[in-house]
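[1] Okay, predicted coordinates and the sequence, questions at the end:
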Amino acid sequence: MSLYAIGDLHLHFTSPLKARAQMKERVWKNHEEIFRRNCETMIGADDTLLLLGDHSWGRSLAESEEDLRYIAALPGRKILLRGNHDMFWDANRTAQLNERFAGQLCFLQNNYYPYGDYALVGTKGFTFEGPFYLDRRGRIIDWDEDAAAHAEKLVEREVQRLRCSFEAARSDGFGKFLMLLHYPPTNILQRDSAFTALAEEYGAEQVIYAHSHGESRFHDSIEGEKNGVVYHLASGDYLRWMPLKLMD
Ligand SMILES: [Fe+2]
Ligand SMILES: [Fe+2]
């Protein structure tokens, strides 16, 4: 039994492709087929695969249906987290998705899933991404205050959702946690955030996140150990479509 993670598949079997990088960069060429082959080689029926959001470019469930079918056909148990592009998934209607895809896909939002004696908890998260203002040398000297204030509100809402997920697990007796986010836990100016504080408060052993794709963004946030928590970036192009093994 092993646990794997990856994010940002950005599938588009029946929806228009929206990202320029996905059309141009070599790493995205035929990535659906490469990823499926990697999963079939690495992942067995007893294993669990965490998919960290931005599953589909579809603008509705109908447009994302085939993308979700592709994920459902991958080996192992599949647990999905919401990404910022997952328009098919209304956070308040997660129960309906879980009913509709029962036995095929698990949708993680305001709930948790067990893995051995660990609880897998998570939410989309949020990270302030600018606008930032640079000096002539490209150093950040300021940022848009209104956008930053708005970002703080979104962070607060996501922190509440994440706490709800932790508490659901804790009230069922879980004391060991792996914490999943779609967005990086910190923005490019931070070393700490409400998300790192929550990971430390509950004693999460690992935080796994995605969203940062394209080489220039791979090192936007924390990687490795910090204050007893190990952070991993698991966006698909960063991993070259090889699921990241988190534990046996
Ligand atoms: Fe993405
Ligand atoms: Fe994203």
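    On my side now, so go ahead. Ligands and ions are numbered 1, 2, ... in the order given.

[2] Of all residues in this structure, which one is closest to ligand 2?
    Across the chain, the shortest distance to ligand 2 (CB to the ion) belongs to residue 211, at 3.8 Å. To be clear about C-beta, it is placed using only N, CA and C from the backbone, and glycine gets the same treatment.

[3] Using the centroid of this structure, identify the residue furthest from it.
    residue 136 (34.0 Å; CA atoms, centre = their mean).

[4] Name the helix or strand for that one, please.
    Secondary structure assignment for residue 136, by DSSP states H and E: no helix or strand.

[5] Return the distance of it relative to residue 7.
    Relative to residue 7, residue 136 is positioned 35 Å away (CB to CB, to the nearest Å).

[6] and if you look at residue 177?
    Distance from residue 177 to residue 7, by CB to CB: 19 Å.

[7] of the two, who's got more company?
    In this view residue 177 and residue 7 are compared by other CB atoms under 10 Å, and residue 7 has more residues nearby, 31 against 25.

[8] Might you report the residue contacts of the residue nearest to the more buried one when sequence neighbours are not counted?
    Nearest non-adjacent residue to residue 7, counting by CB to CB, 6 or more residues apart in numbering: residue 210, 2.5 Å away. Residues in contact with residue 210 (CB atoms under 8 Å, 6 or more residues apart in numbering) are 6-8, 52-54, 83, 181-182, 233-236.

[9] Next up, phi/psi of residue 210, please.
    Note on residue 210: backbone dihedrals following degrees, to the nearest 10 are phi -140, psi -140.

[10] pLDDT wise, what is it at?
    For residue 210, the pLDDT comes out at 98.

[11] Tell me which residues touch the residue of the chain found nearest ligand 1, please.
    Residue of the chain nearest ligand 1, by CB to the ion: residue 54 (3.4 Å). Taking CB under 8 Å, 6+ apart as the contact definition, residue 54 lies against 7, 8, 9, 10, 83, 84, 85, 86, 182, 210, 211.

[12] Just give me how far the helix or strand of the chain with the lowest mean pLDDT sits from the chain centre.
    When the helices and strands of the chain are compared on mean pLDDT, DSSP states H and E, helix 20-24 comes out lowest with a mean of 87. Chain-centre distance of helix 20-24: 21 Å, with CA atoms, centre = their mean, to the nearest Å.

[13] export the helix or strand that comes right after that helix as CSV, just CAs?
    Remark: after helix 20-24, the chain's next helix or strand is helix 31-42, criterion DSSP H and E. The C-alpha coordinates for helix 31-42 follow below in CSV (Å, rounded to 0.1, in the frame of the first residue of the first chain):
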residue,chain,number,x,y,z
HIS,A,31,1.1,14.5,-21.2
GLU,A,32,-2.2,12.6,-20.7
GLU,A,33,-0.8,9.5,-22.3
ILE,A,34,2.6,9.8,-20.5
PHE,A,35,0.9,10.3,-17.1
ARG,A,36,-1.4,7.3,-17.6
ARG,A,37,1.5,5.0,-18.5
ASN,A,38,3.4,6.2,-15.4
CYS,A,39,0.4,5.5,-13.2
GLU,A,40,-0.1,2.1,-14.7
THR,A,41,3.6,1.2,-14.1
MET,A,42,3.8,2.6,-10.5
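
[14] Thanks again, I'm all set now.
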